[in-house]
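[1] Below is the sequence, then the predicted model.
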Amino acid sequence: MSFLISDAYAEAAPAASQGDPLSSLIFFGGFILIFYFILIRPQQKRAKEHRNLVSALAKGDEVVTNGGILGKVTDVGDEYISVELADNVTVRLQKQAVATVLPKGSLKAAGEK
């Protein structure tokens, strides 16, 4: 009966075609450039602006911390600042905790003092 059923043989696998390695390198390089300009560069710019903001802190500046606390800087040290939140209420914070420096008079305009 074997004459009615033909033998089945596996087809030879096609030769794996290797693409041009230069095009792969260009694609990878383009991906790295896009990643740099969309993610890395803006983050470095924000970090530099924050370092400048923190180094320029001075007594009398009105600030907002990362936690949302508003106050007036009463003392500036190397690593820490003292912030007056209300009359006779002062907290000591790391300089890095400052998110924004407000324009002068912002606290009075908001009715804080």
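    Structure received.
[2] list the contacts for residue 59?
    Contact analysis of residue 59 by C-beta atoms under 8 Å, 6 or more residues apart in numbering lists 73, 74, 75, 76. (C-beta placed from N, C-alpha, C; glycine too.)
[3] Let's verify the most centrally placed residue in the chain: helix, strand, or coil?
    The structure's the chain has its C-alpha centroid closest to residue 43; by C-alpha atoms, centre = their mean the separation is 4.6 Å. Secondary structure assignment for residue 43 (DSSP: H, G, I helix; E, B strand; the rest coil): helix.
[4] Same check on residue 72?
    Following three-state DSSP, we place residue 72 in the strand state.
[5] before we move on, what about the one 10 residues further on?
    In terms of secondary structure, residue 82 is strand; the call rests on three-state DSSP.
[6] do you know how far it is from residue 91?
    According to C-beta to C-beta, to the nearest Å, residue 82 and residue 91 sit 7 Å apart.
[7] returning to what we had before: from the contacts of residue 59, which two are the most distant?
    By the measure C-beta to C-beta, 74 and 76 form the most distant pair in the contacts of residue 59, at 8.7 Å.
[8] So what are the structural domains in the chain, by residue number?
    Structural domains annotated on the chain: 22-56, 58-113, as defined by automatic domain parsing.
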